[in-house]
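*Asks:* here you go, sequence then predicted model.
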Amino acid sequence: QVQLVESGGGLERTGGSLRLSCVASGRTFSSYTMGWFRQALGKEREFVAAIGWNSGNTDYADSVKGRFTISRDNAKNTVYLQMNSLKPEDTAVYYCGISAFDPSRYDVHYRYWGQGTQVTVSS
């Protein structure tokens, strides 16, 4: 059974940094796109970043470009999201997902999801 487990969320001040991790199990995911999405309270889930299977193809939402970096370690079946210069508007539950498509911004392209990890940025 495919399982994704996110970790690394927490409470951070504006301008601080957090590093999220997402570990996949149940399948080898080295040939799949992995992505991060987030959902703030009362809002729809939105795309944050995605990375192709060989790490050579990445995509970022404009709101996080230059502040967040997505990376992956296929040997560990893990994808990371390094978040720097955090802002209060980054507060959300962050989810990782797996897709058979090229790095995609559409959550319908992601078949498996983790349970999410809460990120809260105080002003």
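*Replies:* That came through fine.

*Asks:* switch to C-alpha atoms for all contacts and neighbour counts from now on
*Replies:* Fine.

*Asks:* who does Ala49 form a beta bridge with?
*Replies:* Trp36, Tyr60 (DSSP bridges).

*Asks:* can you pull the pLDDT of it?
*Replies:* As predicted, Ala49 sits at a pLDDT of 98.

*Asks:* mind checking pLDDT for Lys43?
*Replies:* 97.

*Asks:* by mean pLDDT, which helix or strand of the chain comes out lowest?
*Replies:* Scoring the helices and strands of the chain by mean pLDDT, DSSP states H and E places strand 110-113 at the bottom, with a mean of 94.

*Asks:* neighbours of Ala50, just the number please.
*Replies:* 30 (other CA atoms under 10 Å).

*Asks:* who touches it in this structure?
*Replies:* Applying CA atoms under 8 Å, 6 or more residues apart in numbering to Ala50 gives the contacts 33-36, 58-60, 70, 103-105.

*Asks:* most neighbours among those residues, which one is it?
*Replies:* Met34 (34 neighbours).

*Asks:* mind listing the strands for the chain?
*Replies:* 3-7, 10-13, 18-25, 33-39, 46-51, 58-60, 68-73, 78-83, 92-99, 110-113, 117-122 (DSSP state E).

*Asks:* need the winner for burial among these.
*Replies:* strand 33-39 (a mean of 26; mean count of other CA atoms under 10 Å).

*Asks:* mean confidence score for that strand?
*Replies:* Rounded mean pLDDT across strand 33-39 is 97.

*Asks:* give me the angle between that strand and strand 68-73.
*Replies:* With axes from the mean of the first three to the mean of the last three CA atoms, to 10 degrees as the basis, strand 33-39 and strand 68-73 are set at 140 degrees to each other.
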